[in-house]
Structures are given as structure tokens and as C-alpha cells.
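Colleague: Have a look; sequence and predicted model below, questions after that.
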Amino acid sequence: MEKKIAQIISVITHPLLLPTYIYLLLFSKPAFYTLSLTAQGHKTVILIVFITTAITPLSIILLLFRNKSIKEKLMMEKRQERIFPLIVVAMFYYANYYVLSGLPLHPAFQVLNIVFSINIVIALIISFFWKISLHTISWGALVGVLCAFTVILQTPFLTYILAGIIVSGIVASARLILKSHQNSEVYLGFLTGFAVSIISFILYFF
């Protein structure tokens, strides 16, 4: 039962869903950096993000590994299996950056899209040598982005930050319960995602 719950948690907190979750959170509060878009514009942006960072790369990954189970396709438990899918994901994350760069979005969103791409490239490079947790990289990035928006752009996301930390702990525990990772792999994953987010925003705005 414990493993079943851990599997469900791993699916609903899948790294490919994190960009969409982050955009939903950032658009949930009215702020100066969202004023350039109407409510319909927000929906359009979220749809673009969902298609380019979740639906399309996931569809390609499912097609690439037809002989594997859905769980194996989604989780990519073996380090060697991650290389090509991560290259595919990186390409579509760049496509997401390119498409959204043509819209009247605040520069913070361009930094956000760069954060997505950098994290994927780092995960790809590390995966040649070591198995880092893609789940906790993504959730570390989410917490880091919310911290950056709170401190640098003065948007109060404290409640979401605390919730993000709690969820990150739950996700890390789920990955450990499934024996998908060791402690160091989930901790380093979270710290990597968090650090990339914070450093990217600091470099851009300061």
C-alpha cells in the first residue's frame, strides 16, 4: 500500500508537470508582472507551457519506448535510459522559451524559462555519470522560483513556499520508498534545482 501511494505521488509530481504548476502558481496572484496579459492571455500561456513542456515531450517518450510499461516510460529509473529522453525534453523546453519570448511577458518569465532549460541540461550532464533525482530537481526549482519572486519581485508567496517545501519532502520520501534513489540523490537534486533558480534570478536582476 505504501509503495502504491508513493507511485501515485511520483506520477502527479512528475518533473514534466512542474513548469505548468509553476505558471499556475505565478498567475494565481494579481501582480505587476502579469499586467501585460489578460485573463485569456494567462490561459493561453499556461496552455502553451503545458503542450511544449509536458504533452509533446511525454508523447514522444512514450513512442520511443513502446516495449516498456507506462511506469518504466514515465519514471526512467535507469540512469542510461534518461539520456535521450532528457535531450528530447531539453529541445522542447527551449522551444517553450522561444515561443514565449515572442509574447508580451515580464522578463522574469524569460528567466523562469531559462531556469527550466538549465536544470534539464544539468540533469542531462549528471546523468552521464550519476543518477540524480529529476523529481527533486524540479521541486527544488519550484521552491527557488517562488523564493525569487517573493524576495526580488516583492510578491508574497510565503504560504506557497512552505507548501512547496513540504511537498518536496513528500516527493523525496516517495522516491526513497520506491528505492528509485539514495538519500544523496534526492537531496542534491533539490539543492541543484533551488540553486539554479536563485542564481539565475540574482544574475539577471542584480
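Modeller: Yep, it's here. Residues are numbered from 1 along each chain as shown.
Colleague: Low-confidence bits of this structure, can you list those?
Modeller: Across the chain, the ranges flagged by pLDDT under 70 are 66-79.
Colleague: what about 90?
Modeller: In the predicted model of the chain, residues 1-4, 28-39, 58-85, 102, 104, 127-131, 155-156, 179-181, 206 satisfy pLDDT under 90.
Colleague: In it, which helix is the longest?
Modeller: Across the chain, the longest stretch assigned as helix under DSSP state H is helix 183-205.
Colleague: Sort out which residues of that helix are buried, please.
Modeller: 185-190, 192-194, 196-198, 200-201 (16 or more other Cβ atoms under 10 Å). Glycine gets a C-beta too; all of them are placed from N, C-alpha and C.
Colleague: Most widely separated two among those?
Modeller: Glu185 and Phe201 (25.4 Å; Cβ to Cβ).
Colleague: Trp139 is in what secondary structure piece?
Modeller: Using DSSP states H and E, Trp139 sits within helix 134-151.
Colleague: related to what we said a few turns ago, so which elements touch the longest helix of the chain?
Modeller: helix 107-127, helix 134-151, helix 158-177 (3 or more Cβ pairs under 8 Å, 6 or more residues apart in numbering; DSSP states H and E).
Colleague: would CSV of those helices with distance to Phe65 and mean neighbour count be doable?
Modeller: Below are those laid out as CSV (distance: least, Cβ to Cβ, whole Å; neighbours: other Cβ atoms under 10 Å):
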stretch, distance to Phe65, mean neighbour count
helix 107-127, 16, 20
helix 134-151, 16, 25
helix 158-177, 20, 17
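Colleague: Make a markdown table out of those and add distance to Ala39.
Modeller: Output for those, formatted as a markdown table (distance: least, Cβ to Cβ, whole Å):
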| stretch | distance to Ala39 |
| --- | --- |
| helix 107-127 | 16 |
| helix 134-151 | 20 |
| helix 158-177 | 20 |
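Colleague: Next, the buried residues of the helix or strand containing Lys4.
Modeller: Assigned by DSSP H and E, Lys4 belongs to helix 2-12. Neighbour counts over helix 2-12 (16+ other Cβ under 10 Å) mark 6-7, 9-10 as buried.
Colleague: could you check the angle helix 134-151 makes with that helix?
Modeller: Orientation check (axes from the mean of the first three to the mean of the last three Cα atoms, to 10 degrees): helix 2-12 against helix 134-151 gives 50 degrees.
Colleague: Next secondary structure after helix 2-12?
Modeller: In N-to-C order, the element after helix 2-12 by DSSP H and E is helix 18-26.
Colleague: Also compute the angle for that next one relative to helix 134-151, please.
Modeller: Taking the same axes, to 10 degrees, one finds that helix 18-26 is oriented at 20 degrees with respect to helix 134-151.
Colleague: Off-centre distance for helix 18-26?
Modeller: Taking Cα atoms, centre = their mean, to the nearest Å, one finds helix 18-26 lying 9 Å from the centre of the chain it belongs to.
Colleague: same for the helix or strand following it, what does it pack against?
Modeller: Following helix 18-26 in sequence order, the next helix or strand is helix 39-50 (DSSP H and E). Judged by 3+ Cβ pairs under 8 Å, 6+ apart, helix 39-50 is in contact with helix 18-26, helix 83-100.
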